[in-house]
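Here is my input, please return the structure:
(chains A and B)
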Number of protein chains: 2
Amino acid sequence: MKKRVLSNVHSDKLYEQVHDYLLERIRRGEWRAHEKLPSIRTLAVEFNVHRLTVFKAYQQLKLNKKVYVKDKSGYYVMPDSMMLIDSQHNPIVSACVHESSLSEIHQVQADYQFSKALLDPNLLPNHYFSEYVKKVFDLYPKVLGTYSTIQGDLELREALSRYFTDQYRFYVSSNELLITSGSLEAIDLIARVLIKPRDAVLLERPTYSPAIDVFRRQGANIIPVEIHPYGYQLDQVEALMKKHKPRLFYLNPTFHNPTGYTVPAEQRKRLVEMAHKYQCLLVEDDPYPDIYFEEKPPLPFFAYDTSGCVIYIRSFSKYIAPGLSIAAVACRPFVMNYVLKAKSLSDSGTPLLNQKIFLHYFFSERLQQHIEKLRIALEIRKSIMEEELSVSGWKWSSPNGGFNLWIKLPESISMERLLEKSIEQSISFVPGSIFDPLKEYNSWIRMSYSYLNEQQLRDGLKQFVQLYRLLSLSE
Amino acid sequence: MKKRVLSNVHSDKLYEQVHDYLLERIRRGEWRAHEKLPSIRTLAVEFNVHRLTVFKAYQQLKLNKKVYVKDKSGYYVMPDSMMLIDSQHNPIVSACVHESSLSEIHQVQADYQFSKALLDPNLLPNHYFSEYVKKVFDLYPKVLGTYSTIQGDLELREALSRYFTDQYRFYVSSNELLITSGSLEAIDLIARVLIKPRDAVLLERPTYSPAIDVFRRQGANIIPVEIHPYGYQLDQVEALMKKHKPRLFYLNPTFHNPTGYTVPAEQRKRLVEMAHKYQCLLVEDDPYPDIYFEEKPPLPFFAYDTSGCVIYIRSFSKYIAPGLSIAAVACRPFVMNYVLKAKSLSDSGTPLLNQKIFLHYFFSERLQQHIEKLRIALEIRKSIMEEELSVSGWKWSSPNGGFNLWIKLPESISMERLLEKSIEQSISFVPGSIFDPLKEYNSWIRMSYSYLNEQQLRDGLKQFVQLYRLLSLSE
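Numbers count the residues shown, from 1 in each chain, chains lettered A, B, ... in the order given. As a prediction, this is how the structure comes out:
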C-alpha cells in the first residue's frame, strides 16, 4: 500500500525523485556546506538507476543553487541550501538567502552611482507635487480614515481603463484591473498564485533579478530564454514551450532591464499566438513605456492578446513617483479572481491615500507635459554616457528608451577586481551575472544614466574608463 | 530504490500518506464537488491499514476544508478543494478560495454597519492631517522621488524604538524593527518564512479570520486554543505545545478581535516561559493597545521576553490612519534576517511618503491628545451599545478596550436567517463562525461599536433587537 500511495502523490519522473531525495538529505544537514556529495556513479548504483538520471537530478540541483560544481571534481553542497532540521525555517528561507546581490550593490555609497536604475529625484516635479496632495485632501477630506478596497480605488481603475484604451489601444474594464504597491508585489502575487514547485517558468536572460528570486522561491524550474537586440529566437522559444510546457513566461519586452532592448511588434504578435497555442501565460512587465527617445515603442503584448493569455503589469513608480509605489495589473477575469484572492491575503489593499494622490497627479496635464521633458532630459543623459564611453572600445546596443546601457567589456578583465576598484573610487555599476539565472554574463555590466546629472555622468565615466584601462594594463 | 527515495522524502506517518494520497486524487478531479468519497472501511481494506489511520486522514482533510461530512453518511468533496489538472493553478489557489467570507460581509451595503471593526472616519483628525502632509513636503522636498529602504525609514524606526521604550518598557533597536504596510502584510511575511506544509500552528479560537486563511494557505496544521475572558487555559496550551511541537502561536492578547478579551499579565509571563521551553515562537498581533477604557492593558508579551521567542506586530492603521497602512514588526536579529529577506522579495519597501507622514503625525503632541479623546468617544459608544442590548437577554463580557462586543445569542435561532433578515433591514454584523478555524460558534456574533455614531448605534440596535425577537417568535 505504501508504494501505491507514494507513487501517486509524486511525480513519476525518476530523476525528480532522485532530486527530491538528495535535496531532502541536504536540508536535513546530512552533508555540510561545501562538503562533497556522492558521485554520480555511486548514486546510480545505490539507486539502481541509469547514471544519466542522477546526472539530471544534479543538474536541476545546480540550476536551483542547491549544489555547485568545483574543478570538475564533483558536486558540493551550496552553503545556504542547508536547513537546520530543528530550526524554525523552511525551504523558502534557503531560497531567500539566494536573493541576488542587487540590493547589496544598491547599498554601496558612491559618488557616481551608475548602479541605480532610478530616476534622479531632481528630475521629478517636486515643486508642484505637494499641490496635488493638498487637492486630494480638499476633495476627499476623509481619505486618511478610509481603507481602499482590495482591488484598488474604483475611480483610479476607471481612469486607468480609459488611459489604456487611449494610449495603448486595448480595452480593459475596471474589473480587470488590480492596483498593487509596485510591480514587485504584482510579480510576487502572480508567482504565488500560479506557480507550484517544479513548474517550468521561462525567464529572459538576462532579466530583472528580483524576479529570478521570486520564481525560484516558489520552487519553479527556471528555463532561460535569451533576449537579443532584435528580440527572441522564436523557434527556440517554441521548442522550449513544447518541451517544458511552462506555466508562464515572465518578460519585460519594452526597454528591457538590464539590456534596453525592445521586442519588435511582429514578434509580439507571434509570441502571443504561440503562448495561446501552448497554454503558457505571458507575464508582461512594463515599467516605463513613456520613456522613449526616438519613437514610441510597439504596443504591449496585452494589446495583441485575444485569448486572455497575457497578464500586463504596468508600473509608474520608476519614472514618476518612487515614493508612492503604484502599479496596475491588467488581466482577464479568470486569472484576476485568483490574483485578487492572493492580494486579499497579503494586505488590505494598497493605501488609498497613495492611490488618490497618484490619480490626480498622473492624469494631470502638467505631469503629462513633464513626461515630455523627462524624455528629453534622459535622452541627453544617454547621449552623454554614449559619448564618454565611445573612447572605451566597449560594445553596447543603443537603447531607444529606459534608463540603462548594457555593456560588453573585453573578456580579459576580472569583474570582481573591476567592481572592487571602482567602489574604492566611489563608482558603482551592476555586474551582468546578477541579472542571469545561470550567473554568467561575466564580461557584461549595466550602467544607468538615469540617476546622475550631466556633469556627474561626464566626470564619473571619464574616471571609470581610465580605471578600466589601468586595470587591463596591469592584468 | 523507488521505495527508498520516497520514504525518505515523505513523512513517515501513515495517516499523512493516506491524507496526501486522497488530497492528490481530489485535486486531480477524480471525484467531483459534493461527490461522496470512499468509506473508511473500503479505504482501510484497499490500503491494508487500520481504519483509525483512514479516519485520521479524513479528519485532517476535514479540518483543512478539503472534505465535509453530511448527515453522518460519509465524507464528501468540498467544492473548492478541487484542482483542474490542466489549469494554471496550484494548491494555493484552492486554499485561497477558502478565504473566509469576512471580506464579503464587508461588501454588504448597510445603513447600520455593525460588521465594520473600523474607526468612524469622523473620529479622525482629518482637519489637521493635511498640515502634517505639507510639513513632510517642506522637510523632505524630494520624498516623492525617493525609495524607502526595504527595512523602513531609519528616522521612523528610531522614533519607534524610543516610543516602545517609553511606553512599553522594552528595548528594541532600530535594526530590530521592520516597517510593513499594515499588520496583514506582517502576518503573511512571517507565515511565508516560518511555516511549511503540515507545520503545527496554534491559533486562538476565535481569531482574526484573515490569519486563519494565511496560515492555512501555507499548509499549516492548525490547532485551536480557546480564549476566554480570563485568558487561556495554560495547562491545555502546554499540553498542545508538548504534543504538537508547534512552530508558532499567533495571538492577539490585547482587546482581542473578535472577543475584546485581554490576557492578564501573569499569563503573559508564564506563556513566554512556556514558549521558550517548547521552542514555539509567539507572534503577538497588537493593533490598538492605545484604545483602552478604564485602565491601560498589561505590557505586551514582547516586554516579558528575554529569549527572543516573541515577534511583536504593532499596527496603527486601525485607529489612527487606515489610509496610510503602517505597521511595525519587532523581533530579534535571527528572525529579522529572514523576515527582511521575505519583505525584499514581496515589495521594494513600504512607500516612503507614508512612513514620513506617519512619523510626523503619530509622534505629534496633537495626535497623542487626540487619542485621549478617541478613547472617550469609543467608551461612550461601547456603553451605548451595551445599554441598547441590555434588554435583549444576550450575553457578553464587557471589553476594556478595542472596537467590538462578542455576543452569545440564545441557540434557538438560525444564524443564516438572522443575517439574511438583518441585511434586508440594512443591518450588518459578523457571524461568529467566520472567526473560527473549526467554523463553529454558531450562536455567537461580533458587533462593532467603532464605526457608527451614537444616534446610528441607538437606532440600529433597537431595530436589530426587535428583528431578533420577531424571528425567534416565528421559529
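
Could you use CA atoms for every contact and neighbour count after this?
Fine.

The host helix or strand of A:Val283: what's the following helix or strand?
Element membership of A:Val283, judged by DSSP states H and E, is strand A:281-286. Sequence-wise, the next helix or strand downstream of strand A:281-286 (DSSP H and E) is helix A:301-304.

coming back round to it: just checking, what packs against the strand holding A:Val283?
Judged by 3 or more C-alpha pairs under 8 Å, 6 or more residues apart in numbering or on different chains; DSSP states H and E, the packing partners of strand A:281-286 are strand A:248-251, helix A:265-277, strand A:310-315.

Rounded mean pLDDT for it, please.
For strand A:281-286, mean pLDDT rounds to 98.

Residue numbers of the stretch 351-475 of chain A in contact with chain B?
A:351-353 (C-alpha under 8 Å from any C-alpha of the partner chain).

most neighbours, which of the residues you listed?
Among these, A:Pro351 has the most neighbours (other C-alpha atoms under 10 Å in any protein chain shown), with 34 neighbours.

Could you double-check that it sits in contact with A:Ser148?
Yes - shown here, A:Pro351 and A:Ser148 form a contact pair, counting by C-alpha atoms under 8 Å, at 6.3 Å.

list residues touching both of these two?
Shared contacts of A:Pro351 and A:Ser148, defined by C-alpha atoms under 8 Å, 6 or more residues apart in numbering or on different chains, comprise B:Gly323.

Quick one: low-confidence residue ranges for chain A.
A:1-12, A:28-29, A:71-72, A:79-104, A:106-107, A:475 (pLDDT under 70).

domain ranges for it?
A:2-88, A:102-124+A:367-474, A:126-364 (automatic domain parsing).

Among the ones you listed, pick out the one with the most neighbours on average.
Of all the domains of chain A, domain A:126-364 has the most neighbours on average by mean count of other C-alpha atoms under 10 Å in any protein chain shown, namely a mean of 21.

Look up which residues are beta-bridged to the spatially closest residue to A:Met78 that is not a sequence neighbour.
In space, A:Met78 comes closest to A:Val67 once its chain neighbours are excluded; the distance is 4.7 Å by C-alpha to C-alpha, 6 or more residues apart in numbering or on different chains. Beta-bridge partners for A:Val67, by DSSP bridges, are A:Val77.

got a list of what A:Val67 touches?
So A:Val67 contacts A:58, A:61, A:75-78, A:81 (C-alpha under 8 Å, 6+ apart).

One more: A:Arg268?
Residues counted as contacts of A:Arg268 (C-alpha under 8 Å, 6+ apart) are A:300-301, A:304.

ok, A:Phe363 to A:Leu353 distance?
16 Å (C-alpha to C-alpha, to the nearest Å).

would you list the helices and strands packed on strand A:281-286 in CSV and tack on distance to B:Pro210?
Shown next, in CSV, are these (distance: least, C-alpha to C-alpha, whole Å):
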stretch, distance to B:Pro210
strand A:248-251, 28
helix A:265-277, 35
strand A:310-315, 26
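
Find the closest residue to chain B in the stretch 301-450 of chain A.
A:Gly323 (4.3 Å; C-alpha to the nearest C-alpha).

and that residue, what is it in contact with?
Taking C-alpha under 8 Å, 6+ apart as the contact definition, A:Gly323 lies against A:317, B:143-148, B:351-353.

Quick check: longest helix in chain A by residues?
In chain A, with assignment by DSSP state H, the single longest helix is helix A:365-389.

so A:Ser307 touches A:His276, yeah?
Yes - at 6.7 Å, A:Ser307 counts as touching A:His276 under the criterion of C-alpha under 8 Å.

residue boundaries of the strands in the stretch 301-450 of chain A?
A:310-315, A:327-330, A:395-396, A:404-408, A:427-428, A:430-431, A:444-448 (DSSP state E, counting those that start in this stretch).

So what touches the longest one?
Read that as strand A:310-315. A:182-183, A:186, A:272, A:281-288, A:301-302, A:326-332.

Sticking with A:Gln455, tell me its helix or strand.
Secondary structure (DSSP H and E) places A:Gln455 in helix A:454-474.

Can you show me the CA trace of that helix as CSV?
Provided in CSV are the C-alpha atoms of helix A:454-474 (Å, rounded to 0.1, in the frame of the first residue of the first chain):
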residue,chain,number,x,y,z
GLU,A,454,25.1,65.6,-16.8
GLN,A,455,28.3,66.8,-15.1
GLN,A,456,28.4,63.8,-12.7
LEU,A,457,27.9,61.5,-15.7
ARG,A,458,30.9,63.0,-17.5
ASP,A,459,33.2,63.1,-14.5
GLY,A,460,32.3,59.6,-13.3
LEU,A,461,32.5,58.0,-16.7
LYS,A,462,35.9,59.6,-17.5
GLN,A,463,37.2,58.2,-14.2
PHE,A,464,35.7,54.8,-14.8
VAL,A,465,37.1,54.4,-18.3
GLN,A,466,40.5,55.4,-17.1
LEU,A,467,40.3,53.0,-14.1
TYR,A,468,39.4,50.2,-16.6
ARG,A,469,42.5,51.0,-18.7
LEU,A,470,44.8,50.9,-15.8
LEU,A,471,43.4,47.6,-14.6
SER,A,472,43.6,46.0,-18.0
LEU,A,473,47.2,47.1,-18.4
SER,A,474,48.1,45.6,-15.0
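
That helix to helix A:365-389, inter-axis angle?
30 degrees (axes from the mean of the first three to the mean of the last three C-alpha atoms, to 10 degrees).

List of residues touching helix A:454-474?
So helix A:454-474 is contacted by A:112, A:381, A:384-385, A:388-389, A:392, A:412-413, A:418, A:421-422, A:427, A:449 (C-alpha under 8 Å, 6+ apart).

at 7 Å what do you get?
By C-alpha atoms under 7 Å, 6 or more residues apart in numbering or on different chains, the residues outside helix A:454-474 that reach it are A:112, A:381, A:384-385, A:388, A:392, A:413, A:427.

From chain B, how far off is the residue nearest the centre of chain A?
What sits nearest the mean C-alpha location of chain A, by C-alpha atoms, centre = their mean, is A:Tyr208, with 2.7 Å. Look at A:Tyr208 and chain B: by C-alpha to the nearest C-alpha, to the nearest Å, they are 12 Å apart.
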